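**Student:** here is my input; please provide its structure:
(one chain, ligands or ions: 2)
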Amino acid sequence: MNDTFARLALTPRFQLLPERFFAKVAPTPLAEPVLAIWNAPLAAQLGLDPDTNAHVGLTDYLTGNLLIPGSEPLASVYCGHQFGVYVQQLGDGRAILIAEVKDRNGIVQEIQLKGAGPTPWSRRADGRAVLRSSIREYLCSEAMYGLGIPTTRALAMTASPEAIWRETRETAAVVARVAPTFVRFGHFEFYCHHGDHEGLRTLVDWTIEHFYPECADAASPALALLEVVIARTATLLAHWQAVGFCHGVMNTDNMSILGLTLDYGPFGFMDGFDAGHICNHSDESGRYAYNQQPQIALWNLQTLAQALLPLLDREAAIAALHTFQDLFETAFAAQFQSKLGLPDWRDEDWGLLTTLFNLLQAGRTDWTNFWRDLASLGLQDAHPCPALRDRFVDREAFDQWLTDYRERVAATGDAVAVIQERARAANPKYILRNHLAEIAIRKAQQGDFSEMQRLHDCLSQPFAEQPEYADYAAAPPDWAASLSVSCSS
Ligand code: AMP
Ligand code: MG
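**Tutor:** Ligands and ions are numbered 1, 2, ... in the order given. Sure thing, here's the model as predicted:
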């Protein structure tokens, strides 16, 4: 037994920024926490013993009831645009940075406890997170990691019987989440909009020094930073669109400066394809609908560019923003090239894709299962494919589409098995469907975290055939359609 948390080698970095960037605030203890789930591989990567039994006080460290000796917990200040409206002060209202540690790869990682109690930026809220939203954040961030999509990660979740109030009485949980940094677009907005240009420059220099050192030598480092963030964000959005992921609250304070998927709230993976799908019940106008996400990302990047203007040439910033569309389309094409199993992307493939989207839309065809099955079933022989065509409303039109796709495949000269293998590596069999998370939540609310663990285990290898998890790949039950998620968390 050893107190490995206490011996974590701290590498302060965010903490070294000027004091006005944050407030020093300790987590507020939670009663009777239990360790609901523990991410052993990530723990090992952070230099922690993956075996929970090897630790003393592990649950208390992960809840914020014990502090790592020498750490100075803090909450950072930021602002942002929420649903398009400027909000002049936000900040870590319930997430507390408890440690910055160098991982096995030499990368410094921030460890935050989300739901660890109030901070000066809590705005009269309780600083807590409910169990259900904590489970969703834990599972989805690890599912995204399994999918190979840039994301923050989850080290653990602890749960407490302590009551917290939302629409009704619920209980509290804490997610220990991990990322090289949780800095958001909103951090930059904060210093710009408060006229603190020195703070802005400090933050830009800090970001470049630690994450984008290649920008330091550019004629305009701030412009180089903007350009690389535009490129990373375009890639991220192409990933989201390819797996049918809707973030739900793409406010600028939820946009990572590293291009990571950040702040899992009312997100959702589409079951049946609907281009206008709105996953967040609170998003009445559909601002963050599936098909709006790329242009909202650009809108958010414009906000970032505006925040950087004190350090930037205006025309150069506008020119950089104009590259987004091409970068996104290129990344999007690369995603769908892989999903179709093709060795290259040609201009006429856009037509093939558009026709397919229209057919999927008309049939509300299950996105994940269709893509997973397309190459394996659709390329099996030269006849119409009942197992696929029955998922569409206009079956003759789908037969025609499949014929066109087979011709495209034949023209590549690649063996069908090669195409199928490529497609299998790009189309996950398992995603975090809403109803799967819901089942895990309902069990956890009874104190049983086994389903959460089982789901996590499956989703860590979403591209592998895992017959023992066949139930997770099945079409969603009817009740899944009535589930709704909102900003309440
Ligand atoms: P979100 O939309 O969940 O990313 O949250 C927006 C802002 O509200 C952030 O500044 C959060 O820290 C803050 N916030 C959300 N829920 C709470 C809560 N229960 N207590 C304190 N702050 C919160
Ligand atoms: Mg947020």
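**Student:** tell me the residue of the stretch 201-350 of the chain that sits nearest ligand 2?
**Tutor:** Evaluated by CB to the ion, the stretch 201-350 of the chain has Asp263 as its residue closest to ligand 2, separated by 3.8 Å. For the C-beta atoms, the positions are set from N, CA and C on the backbone; glycine is no exception.
**Student:** right, and that residue touches Thr252 too?
**Tutor:** No. At 11.3 Å, Asp263 does not count as touching Thr252 under the criterion of CB atoms under 8 Å.
**Student:** got the domain ranges for this protein?
**Tutor:** 4-182, 186-334, 340-426, 434-472 (automatic domain parsing).
**Student:** okay, Asp263 and Thr252: which has more neighbours?
**Tutor:** The neighbour count for Asp263 versus Thr252, taken as other CB atoms under 10 Å, is higher for Thr252 (28 against 24).
**Student:** nearest residue to the closest residue to ligand 1 within the stretch 51-200 of the chain in space, please, no chain neighbours.
**Tutor:** The minimum distance from the stretch 51-200 of the chain to ligand 1, using CB to the nearest ligand atom, falls at Gly93 (2.4 Å). Spatial nearest neighbour of Gly93, chain neighbours left out: Ser122 (4.3 Å); criterion: CB to CB, 6 or more residues apart in numbering.
**Student:** helix/strand/coil for Ala154?
**Tutor:** strand (DSSP: H, G, I helix; E, B strand; the rest coil).
**Student:** right, and it touches Val178 too?
**Tutor:** Yes. Between Ala154 and Val178 there is a contact at 7.3 Å, judged by CB under 8 Å.
**Student:** quick one on the thing from earlier: TSV for the domains of the chain, including mean pLDDT?
**Tutor:** Below are these laid out as TSV (pLDDT from 0 to 100):
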stretch	mean pLDDT
domain 4-182	96
domain 186-334	98
domain 340-426	96
domain 434-472	98
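**Student:** what's the closest of these to Ala480?
**Tutor:** domain 434-472 (3.8 Å; CB to CB).
**Student:** name the residues of stretch 73-90 that are buried.
**Tutor:** Pro73, Leu74, Ala75, Ser76, Val77, Tyr78, Cys79, Gly80, His81, Gln82, Val87, Leu90 (16 or more other CB atoms under 10 Å).
**Student:** quick check: closest non-adjacent residue to the fifth one.
**Tutor:** Of all residues beyond its chain neighbours, the one nearest Val77 is Gly91 (4.2 Å), with distances taken as CB to CB, 6+ apart.
**Student:** confirm that the one you found sits in a strand.
**Tutor:** No. Applying three-state DSSP, one finds Gly91 to be coil, outside a strand.
**Student:** and it, how many residues sit next to it?
**Tutor:** Residues near Gly91, counting by other CB under 10 Å: 22.
**Student:** for the stretch 251-400 of the chain, which segments count as helices?
**Tutor:** 293-308, 314-322, 324-340, 349-363, 367-378, 386-389, 395-412 (DSSP state H, counting those that start in this stretch).
**Student:** for the longest one, which positions count as buried?
**Tutor:** Judged by neighbour count using 16+ other CB under 10 Å, the buried positions of helix 395-412 are Arg395, Phe398, Asp399, Trp401, Leu402, Tyr405, Arg406, Arg408, Val409.
**Student:** want to try JSON lines for the residues you listed, with distance to Gly64 as columns?
**Tutor:** Below are the buried residues of helix 395-412 laid out as JSON lines (distance: CB to CB, whole Å):
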{"residue": "Arg395", "distance to Gly64": "56"}
{"residue": "Phe398", "distance to Gly64": "53"}
{"residue": "Asp399", "distance to Gly64": "58"}
{"residue": "Trp401", "distance to Gly64": "54"}
{"residue": "Leu402", "distance to Gly64": "55"}
{"residue": "Tyr405", "distance to Gly64": "53"}
{"residue": "Arg406", "distance to Gly64": "57"}
{"residue": "Arg408", "distance to Gly64": "55"}
{"residue": "Val409", "distance to Gly64": "54"}
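**Student:** where do the contact lists of Ala154 and Val178 overlap?
**Tutor:** Leu42 (CB atoms under 8 Å, 6 or more residues apart in numbering).
**Student:** got TSV for the helices of the stretch 251-400 of the chain, with distance to ligand 2 too?
**Tutor:** Converted to TSV, the helices of the stretch 251-400 of the chain look like this (distance: least, CB to the ion, whole Å):
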stretch	distance to ligand 2
helix 293-308	13
helix 314-322	23
helix 324-340	23
helix 349-363	31
helix 367-378	26
helix 386-389	40
helix 395-412	40
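**Student:** picking that back up, near ligand 1, which of the buried residues of stretch 73-90 show up?
**Tutor:** Leu90 (CB under 6 Å from any ligand atom).
**Student:** pull the most distant pair out of the buried residues of stretch 73-90.
**Tutor:** Pro73 and His81 (27.8 Å).
**Student:** what is the burial count for Pro150?
**Tutor:** 18.
**Student:** show me what contacts it?
**Tutor:** Pro150 makes contacts with Met144, Arg232, Thr235, Leu236, His239, Leu258, Gly259, Leu260, Thr261, as judged by CB under 8 Å, 6+ apart.
**Student:** would you format the residues you listed as a markdown table with distance to ligand 1 included?
**Tutor:** Converted to a markdown table, the contacts of Pro150 look like this (distance: CB to the nearest ligand atom, whole Å):
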| residue | distance to ligand 1 |
| --- | --- |
| Met144 | 17 |
| Arg232 | 20 |
| Thr235 | 22 |
| Leu236 | 17 |
| His239 | 20 |
| Leu258 | 17 |
| Gly259 | 17 |
| Leu260 | 14 |
| Thr261 | 13 |
